[in-house]
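*Asks:* Predicted structure and sequence below. I'll ask about it afterward.
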Amino acid sequence: MDSFFGARSSSSAGGSWSYESLKNFRQISPVVQNHLKLVYLTLCCALAASAFGAYLHILMNIGGFLTTIACVVCMVLLLNSPVYYQRKRFGLLMAAALFEGASVGPLIEIVLDFDPSILVTGFVGTSLAFLCFSGAAIVARRREFLYLGGLLSSGLSILFWLHFATSMFGHSVATFNVEIYFGLLLFLGYMVFDTQQIIERAHLGDLDYVKHALTLFTDFAAVLVRILVIMMRNAERAEEKKRKKRS
């Protein structure tokens, strides 16, 4: 963060930030910068594969429990494959992303039937959030956000046990809201934490761009699903209010 604000203060006499401050990556070596390019390029490919998986569900109705299991299996195989089999691991990542898209396909199909603009707005909003939070982690001082790991892990544990309890004893509006909004906040935090953790691991020699892209892909997908659910609920409430006013 110091390097960011240092560039900010020296870039203009008036003290306002400039475009040069956003290009300040002095704390990131060229090797790590190249690694980040590979990570984000692989992430874009995974998002494209996921979109294709959702499209396949809309055409053939393939999304469901089996695609979710297939996605998990592909992720496990990827994480347990040797790093030097990068082509195989890249293929497993694309397969996992495709199955993930098919699994989210039913939600996307509902959104498209209700209002296609929600999907576009949700994806753009998620992309902007990802760029902002990931960018903040990149320009921040090294290890500055790594302390969030413990807090986020505790929050994820709370979310898991809450989901387990609601599946056993039934859902309510309050618990559903907690799962959606708290989960959204949690995975936004993971965008920052995972990005800085990837940078730190790359500095230590871990240049596994496929695994790192998988990490960011899961964060992106988790945020997108929650944003779509929130926007759908808000749109339904607005529609109900309009109907009440008309009647």
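*Replies:* Structure's in. What do you need?
*Asks:* For stretch 193-203, what is the distance to the chain centroid?
*Replies:* Here stretch 193-203 is found 15 Å from its chain centre; the criterion is CA atoms, centre = their mean, to the nearest Å.
*Asks:* Actually, stretch 81-100.
*Replies:* Put simply, stretch 81-100 sits 18 Å off its chain's centre (CA atoms, centre = their mean).
*Asks:* what's the spacing between the most centrally placed residue in the chain and residue 161?
*Replies:* In the chain, the residue lying closest to the centroid (CA atoms, centre = their mean) is residue 220, at 1.5 Å. Residue 220 sits 24 Å away from residue 161, going by CB to CB, to the nearest Å. The way it works is simple: take the backbone N, C-alpha and C, and place the C-beta from them, glycine included.
*Asks:* where do the helices sit along this protein?
*Replies:* With helices called from DSSP state H, the chain shows them at 2-11, 19-22, 30-60, 65-79, 86-114, 116-139, 148-169, 173-177, 183-203, 209-246.
*Asks:* to the chain's geometric centre, what's the distance from the third one?
*Replies:* Shown here is helix 30-60, whose average C-alpha point lies 11 Å from the average C-alpha point of the whole chain (CA atoms, centre = their mean).
*Asks:* residues of that helix that come out buried?
*Replies:* Within helix 30-60, the residues scored as buried using 16 or more other CB atoms under 10 Å are 32, 35-36, 39-40, 42-43, 45-47, 49-51, 53-54, 56-57.
*Asks:* likewise the fourth one?
*Replies:* Of the residues in helix 65-79, those buried under the neighbour-count criterion (16+ other CB under 10 Å) are 67, 70-71, 74-75, 78.
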